[in-house]
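1. Got a predicted model here, sequence first, then my questions.
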Amino acid sequence: MPVLEYLVRMEKDTTITILGMPGVGKSTVGRLAAERLGIEFLDGDLLIREGEGRSHGEILREIGREAFLDLECRYVLGVGGEACVYAPGGSVVYRWAAIEHLRRLGPVVVLRLGLEELTERIGDLRARGVVLREGQTLADLYEERMPLYERAATVFVDASGGSAEAVADRLLAAIGC
């Protein structure tokens, strides 16, 4: 379906949400998809950073994991009202109220990537401000989150191999564009 026809069909306030593990390409693919659709892109991590005036790592150290997840949920619940592509932090799946809100706004797309490829892409998880429990590894996080992403998703897109542009093409095709 041509992009223009999709946009005419799309409600004026539809939000296309992109979820997935850290390093899967949510922001990069989201920006490309939004550009192709001619709508705004919202980076959930950036919204929190700008709203709170400090990095995720600093926030996590100051308030702890559970309070951070509650804070992130409040930011997610504030999204909506105009068409956009939104990439919240990957930890959003720990608060089901946030997922229910996002599902009411439009399709929730999960970008899938295998653990081996993620490991190659990601550096220091803690330096990236990833929400982790003490001693948790990327493999532990992957095992914990993937079932939550599966439950949250309305659409799945393979993010392995190829360029970000190719993944954005797959995403747009998966949502009917």
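-> Ah, there it is.

2. next SSE after the longest helix seen in the chain?
-> Longest helix in the chain by number of residues, with DSSP state H as the criterion: helix 138-152. Elements were assigned by DSSP states H and E; along the chain past helix 138-152, the next helix or strand is strand 155-158.

3. in that following strand, what counts as buried?
-> Buried positions in strand 155-158, judged by neighbour count with 16 or more other Cβ atoms under 10 Å: residue 157. Every C-beta, even on glycine, is put in place using the N, C-alpha and C of the backbone.

4. Adjacent strands (with direction) for it?
-> According to DSSP bridges, the neighbouring strands of strand 155-158, each with its direction, are strand 108-112 (parallel).

5. that older thread, for the longest helix of the chain, output the C-alpha coordinates as PDB.
-> The C-alpha trace of helix 138-152 is given here as PDB (Å, rounded to 0.1, in the frame of the first residue of the first chain):
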ATOM      1  CA  LEU A 138      22.500  -9.600  28.600                       C
ATOM      2  CA  ALA A 139      21.600 -13.300  28.200                       C
ATOM      3  CA  ASP A 140      19.600 -13.100  31.500                       C
ATOM      4  CA  LEU A 141      17.900  -9.900  30.300                       C
ATOM      5  CA  TYR A 142      17.100 -11.500  26.900                       C
ATOM      6  CA  GLU A 143      15.600 -14.600  28.500                       C
ATOM      7  CA  GLU A 144      13.500 -12.400  30.900                       C
ATOM      8  CA  ARG A 145      12.200  -9.800  28.400                       C
ATOM      9  CA  MET A 146      11.500 -11.800  25.200                       C
ATOM     10  CA  PRO A 147       8.300 -13.400  26.600                       C
ATOM     11  CA  LEU A 148       7.200 -10.000  27.700                       C
ATOM     12  CA  TYR A 149       7.800  -8.600  24.200                       C
ATOM     13  CA  GLU A 150       5.900 -11.500  22.800                       C
ATOM     14  CA  ARG A 151       3.000 -10.800  25.000                       C
ATOM     15  CA  ALA A 152       3.000  -7.000  24.200                       C
END
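
6. Thanks a lot, catch you later.
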